[in-house]
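Trainee: Based on what follows, work out the 3D shape:
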Amino acid sequence: MPIIKRFAVPVFTAFSLVLVASVVLAVPEAQSRSTSVSATLQSFKIKLKKKSAKRGTVTFKARNKRGRHNICIRGKGVRKCAKIVTTGKKTTLKVKLKKKGTYTVFCSVSNHEELGMKTKFKVR
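Mentor: Down below sits the predicted model:
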């Protein structure tokens, strides 16, 4: 019996340290997820290079081809817009999307969304 007791504590301690280390090392990977999505804004259309991303920070980099537009996102408790830009200019929208599901990407200028300047973006 004394041999079992002598090895039980060190083995249990080593197992505990390995378990804690694996949890600590796994957390930063999940928190650091970031995706960049190129977008084109023009005459009542938004074209996204990517239609989906994993949960995390998503940066929409939009180039305005014509008119006066911006890029916004809403859904799952999120609503955020980038600044409005004119023809030839670029704007960026950085947003944390923590929940899986479908979001709406749109232009908030005037009635552009109602005229069809919107698309869907999925978070998985």
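Trainee: where's Lys47, which helix or strand?
Mentor: strand 45-48 (DSSP states H and E).
Trainee: who touches that strand?
Mentor: 37-40, 60, 62, 71, 105-107, 116-119, 121 (CB atoms under 8 Å, 6 or more residues apart in numbering). From N, CA and C alone the C-beta is placed, and that goes for glycine too.
Trainee: try 10 Å this time
Mentor: Strand 45-48 is contacted from outside by 37-41, 60, 62, 65-66, 69, 71-72, 105-107, 112-113, 115-121, using CB atoms under 10 Å, 6 or more residues apart in numbering.
Trainee: likewise stretch 82-96?
Mentor: Contacts of stretch 82-96 (CB under 10 Å, 6+ apart): 34, 36-37, 39, 41-42, 55-74, 78-81, 103, 105, 107-109.
Trainee: among the residues you listed, which ones are buried?
Mentor: Buried subset of the contacts of stretch 82-96 (neighbour count, 16 or more other CB atoms under 10 Å): 37, 39, 41, 55, 57-58, 60-62, 64, 67, 69-74, 81, 103, 105, 107-109.
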